[in-house]
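J.: what's the 3D shape of this:
(chains A, B, C and D)
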Protein chains: 2
Amino acid sequence: MAQQPANPLAEQVYIRIKDEIFDFHLLPGDRFTETDLSLRLGVSRTPVRDALYRLRREGYLEVGYRSGWSVVPFDFERFDELYDLRIMLEETAVERLCQVEGEQPLAGLKAVWLVAEDQRETDSHKMAALDEAFHCTLVEAAGNREMLRVHRELTEKIRIIRRLDFLKDNRISATYDEHAKILRLILRRKSTEAAILLRSHITQSKNEVRKITLHMLHEARGAMQRGSEMASAR
Amino acid sequence: MAQQPANPLAEQVYIRIKDEIFDFHLLPGDRFTETDLSLRLGVSRTPVRDALYRLRREGYLEVGYRSGWSVVPFDFERFDELYDLRIMLEETAVERLCQVEGEQPLAGLKAVWLVAEDQRETDSHKMAALDEAFHCTLVEAAGNREMLRVHRELTEKIRIIRRLDFLKDNRISATYDEHAKILRLILRRKSTEAAILLRSHITQSKNEVRKITLHMLHEARGAMQRGSEMASAR
DNA sequence: GAATTCTTATTTGTATGCAAGTTTGTATTT
DNA sequence: AAATACAAACTTGCATACAAATAAGAATTC
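T.: Modelled structure (predicted):
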């Protein structure tokens, strides 16, 4: 019943390459060719090309005219701008949620974030996923599909550095506290306060990310790989 | 010196098909195949496919698994949501522009919009282009490239109906008046008033668009075609 | 006559072939 | 020894060939 994706192979290749970028197997600046990939993945160049061009349009890769592909280097200014866009989208979402009459569609969030301390998640990977889900749900509940689409794309693009944020565990508990506060404010329709808190919450993440240097990236690379080895070993 | 686009043929095909959609040569619901297009345009299926998949990702086309392509039908709710997204982006831009110290980078706009009545543009095509440029410039001047990118994509997506707005010529003079007011408010750093006026200005366009029925679309098709014939005949 | 099944033609997804242009390594020259 | 010129190998962009799945139509059955 689940309808087949448009071109299955290209989709798989897309996910695979993106994962390799996010797991820092493919590092910013790395160069490779279409033939490399098609041999390594065991498919022809056609689906590989489809996936590569998609990733190019999304800003992850660049291609030189007959001179190969490369992973685009990190651009921290761009991340800053994405965070600002994110603040704008989520603030708008929160304001709309506070104006909504009747029950707000945020029941799922309560079950995750309004829990006792010993119920909290500690794994940084899972925490990153929960954090994403929290913010996406806010935007989704606001009911504008285009804003949701933009927010989703944006979320994908900052995921690579957002994951690094949760490697410090004080960030995990801080996130729990702030999410809980924001959620309570929304449920009580304190629009302005919720928006202010949300803005400072995201700004904090943004500032944490600023501190991330290339040195930290390499440290993180190790952590990520150990993490995924552990994950795949169970 | 102008660097070659990544794949020239695919790019041309992309522009061509998009134009055909916007000029209502390809109507919502129309079906076609890759081979059709490749024969009609005289290129192979490869660049055609590249272009089609790009248009699909942008929401203009859909493809059935081994059963051909079709132009997606109009979704007026989606247009509404795009207009709301647009309001949010431009309001933010205006607020930022009012906070900027020193000279604002809006000199170009003054020359276009703060002119005597007899200097005003009357052609609906050119008017639509000027209107687009006005709003894009606002966002661009605010300095966030990601917001600008989203705004550009959005502008592309509503262009198809925005053009219809200026077929009524009272909309042209109203637009001139409102743009002039907004611009003056920004230059005088009246942030709140500028934002309010901008919001109502865009909302008006949004409401005009709501009135557009499929019947109007067909009328407009004639006008568009006559327009482009006249344009190409001189 | 209507519904159903099977066959055939159509359509996209994937693989491969070819050509134009770039890069890289080598040989030659100064 | 350094720089330059040249050639061969690569790399992408586009075209074409093939395969799998779908849709449409004809034949058949009730």
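J.: what about the helices in chain A?
T.: A:8-22, A:34-41, A:45-57, A:76-99, A:107-113, A:124-142, A:145-165, A:169-187, A:191-210, A:214-233 (DSSP state H).
J.: buried residues in the shortest one?
T.: By that I understand helix A:107-113. A:109, A:112-113 (16 or more other Cβ atoms under 10 Å in any protein chain shown). C-betas here are computed from N, CA, C, even on glycine.
J.: now stretch A:197-213
T.: Buried residues in stretch A:197-213 (16+ other Cβ under 10 Å): A:197-198, A:201-202, A:205-206, A:208-209, A:212.
J.: if I look at the residue nearest the centre of chain A, how far off is chain B?
T.: Against the mean C-alpha coordinate of chain A, by Cα atoms, centre = their mean, the closest residue is residue A:159 at 2.8 Å. The gap separating residue A:159 from chain B is 15 Å, by Cβ to the nearest Cβ, to the nearest Å.
J.: Same check on residue A:54?
T.: For residue A:54 relative to chain B (Cβ to the nearest Cβ), the value is 7 Å.
J.: OK, contacts around that residue?
T.: Each residue near residue A:54 by Cβ atoms under 8 Å, 6 or more residues apart in numbering or on different chains is listed here: A:10, A:14, B:53, B:57.
J.: Filter the residues you listed down to the buried ones.
T.: A:10, A:14, B:53.
J.: Near DNA strand C, list only the ones from those.
T.: residue A:10 (Cβ under 7 Å from any atom of the strand).
J.: Pipe the buried ones among the contacts of residue A:54 into CSV and attach distance to DNA strand D and pLDDT per row.
T.: Shown next, in CSV, are these (distance: Cβ to the nearest atom of the strand, whole Å; pLDDT from 0 to 100):
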residue, distance to DNA strand D, pLDDT
A:10, 14, 95
A:14, 16, 97
B:53, 13, 96
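J.: ok, of the buried ones among the contacts of residue A:54, which one's closest to residue A:168?
T.: The closest of the buried ones among the contacts of residue A:54 to residue A:168 turns out to be residue A:14 (Cβ to Cβ; 31.2 Å).
J.: so what's the residue nearest to the centre of chain A up against?
T.: For residue A:159, the contacting residues are A:22, A:128, A:132, by Cβ under 8 Å, 6+ apart.
J.: Buried members of the residues you listed into PyMOL, please.
T.: In PyMOL, selecting the buried portion of the contacts of residue A:159, with burial taken from 16+ other Cβ under 10 Å, looks like this:
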select buried, chain A and resi 128+132
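J.: Out of the contacts of residue A:159, flag the one nearest to chain B.
T.: Closest approach between those and chain B, by Cβ to the nearest Cβ: residue A:132, at 17.9 Å.
J.: Skipping adjacent residues, who's closest to the closest one in space?
T.: Leaving out its chain neighbours, the residue that sits closest to residue A:132 by Cβ to Cβ, 6 or more residues apart in numbering or on different chains is residue A:155, at 5.8 Å.
J.: hang on, isn't the one you found packed against residue A:134?
T.: No: using Cβ atoms under 8 Å, residue A:155 is not in contact with residue A:134; the gap is 11.0 Å.
J.: Please name the nearest non-neighbouring residue to residue A:180.
T.: residue A:113 (5.2 Å).
J.: how close does that neighbour sit to DNA strand C?
T.: In this view, residue A:113 and DNA strand C are 40 Å apart by Cβ to the nearest atom of the strand, to the nearest Å.
J.: Low-confidence bits of chain A, can you list those?
T.: For chain A, the stretches with pLDDT under 70 are A:1-5, A:213-217, A:220-222, A:224-234.
J.: Spell out which residues of it are next to DNA strand D.
T.: Close to DNA strand D, as judged by Cβ under 7 Å from any atom of the strand, chain A has residues A:4, A:32-35, A:45-46, A:49, A:63-69.
J.: which of those residues sit farthest apart?
T.: A:4 and A:67 (35.3 Å).
J.: Residue A:136 touches residue A:151, doesn't it?
T.: Yes: in this structure, residue A:136 is within contact of residue A:151 by Cβ under 8 Å, at 6.6 Å.
J.: quick one, which of the two is more surrounded?
T.: Applying other Cβ atoms under 10 Å in any protein chain shown to residue A:136 and residue A:151 shows that residue A:151 carries more neighbours, namely 23 against 16.
J.: Chain neighbours aside, what residue packs nearest to the more buried one?
T.: Residue A:151 sits nearest to residue A:139 (Cβ to Cβ, 6+ apart), 4.5 Å away.
J.: Would you agree that neighbour is in contact with residue A:153?
T.: No: taking Cβ under 8 Å as the definition, residue A:139 is not a contact partner of residue A:153, at 11.7 Å.
J.: So between the two, which is more surrounded?
T.: Neighbours per residue, other Cβ under 10 Å: of residue A:139 and residue A:153, the larger number sits with residue A:139, 25 against 15.
J.: For that one, give me its contacts.
T.: By Cβ under 8 Å, 6+ apart, the contact list for residue A:139 reads A:89-90, A:93, A:147-148, A:151.
J.: which bits of chain A sit near DNA strand C?
T.: Contact residues (Cβ under 7 Å from any atom of the strand) of chain A with DNA strand C: A:6-10, A:43-47, A:50, A:64-67.
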